[in-house]
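1. Here is my input, please return the structure:
(2 chains)
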Amino acid sequence: GQQLNQSPQSMFIQEGEDVSMNCTSSSIFNTWLWYKQDPGEGPVLLIALYKAGELTSNGRLTAQFGITRKDSFLNISASIPSDVGIYFCAGSYSGNTPLVFGKGTRLSVIA
Amino acid sequence: DSGVTQTPKHLITATGQRVTLRCSPRSGDLSVYWYQQSLDQGLQFLIQYYNGEERAKGNILERFSAQQFPDLHSELNLSSLELGDSALYFCASSWGVSSGANVLTFGAGSRLTVL
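-> Down below sits the predicted model:
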């Protein structure tokens, strides 16, 4: 099935550093979502984007819906140990098509 | 607690066996989705039900089946299990019929190990 290209696959960063990850698709999407999965838990929604060019923040997290509608970016500023986890992007073309997920970016924060 | 309840949390079984995973959606949600997460894989969409009816089908094997009951809980049946079926199985729910237009709330998952 269709899948999003999410990068990087993994990141090791120092506490306090900023983080950037992105997701690209060969198709146009009308919805982009970013989820975080903690070990042993299900994914939890971080940010939802519904309009091309939209920039939305949730605390130290900022996500953008690319203007081409084929990509999205997630930035985390001043990382802390609890940011550790797997970050997934997800997108949908229309309300009638299932949500497609990327393979995730595994983030490790070194104190 | 997301409000989506999945049981069992862990399940260990042998090849060739059959198991049933259960999901209770968040109160008020009518749609239930099943996803499979294998090692190093993202979340693979399996199937969606809305108010008791199948709405969308993804990469679900013929050995797998699901249903949504009148009380809106859902069950995913996995039969003739193979080693490769070992994975985390997530259930998610949303209010509306379209996953693209509605945010999904995930349960904590059921970890299946096939030996």
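2. what sits against residue 76?
-> You didn't say which chain, so I picked chain A. Applying CB atoms under 8 Å, 6 or more residues apart in numbering or on different chains to residue A:76 gives the contacts A:18-19, A:60-61, A:83, A:107. All C-beta spots, glycine's among them, are computed from the backbone N, C-alpha and C.
3. could you do chain B instead?
-> B:20-23, B:34, B:46-47, B:64-66, B:89, B:91 are the contacts of residue B:76 under CB under 8 Å, 6+ apart.
4. What about those residues, which one has the most neighbours?
-> Most neighbours among the contacts of residue B:76, by other CB atoms under 10 Å in any protein chain shown: residue B:91, with 31 neighbours.
5. Are the lowest-mean-pLDDT helix or strand in chain A and chain B in contact anywhere?
-> Each helix and strand of chain A was given a mean pLDDT (mean pLDDT, DSSP states H and E); the minimum falls on strand A:100-101 at a mean of 89. Yes - using CB under 8 Å from any CB of the partner chain, strand A:100-101 reaches chain B at A:100-101.
6. Next secondary structure element downstream of that strand?
-> strand A:105-110 (DSSP states H and E).
7. quick one: strands adjacent to that following strand?
-> strand A:10-14 (parallel), strand A:85-92 (antiparallel) (DSSP bridges).
8. which residues touch it?
-> A:6-15, A:19, A:21, A:76, A:79-81, A:83-88.
9. Of the contacts of residue A:76, which belong to strands?
-> Using DSSP state E, the members of the contacts of residue A:76 that fall in strands are A:19, A:61, A:107.
10. and which of the contacts of residue B:76 is nearest to residue B:2?
-> Top of the list for closeness to residue B:2, among the contacts of residue B:76 and by CB to CB, is residue B:91 at 10.2 Å.
11. and the closest one, that one's in a strand?
-> Yes - judged by DSSP: H, G, I helix; E, B strand; the rest coil, residue B:91 forms part of a strand.
12. give me the element the residue most central in space within chain B is part of.
-> Nearest residue to the geometric centre of chain B (CA atoms, centre = their mean): residue B:34, 3.0 Å. Using DSSP H and E, the element containing residue B:34 is strand B:31-37.
13. Pairing partners for that strand, with directions?
-> strand B:43-50 (antiparallel), strand B:87-94 (antiparallel).
14. Using CSV, lay out those strands together with mean pLDDT.
-> Shown next, in CSV, are these (pLDDT from 0 to 100):
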stretch, mean pLDDT
strand B:43-50, 92
strand B:87-94, 95
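15. could the ones you listed be laid out in JSON lines, adding distance to residue B:9?
-> Output for those, formatted as JSON lines (distance: least, CB to CB, whole Å):
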{"stretch": "strand B:43-50", "distance to residue B:9": "18"}
{"stretch": "strand B:87-94", "distance to residue B:9": "10"}
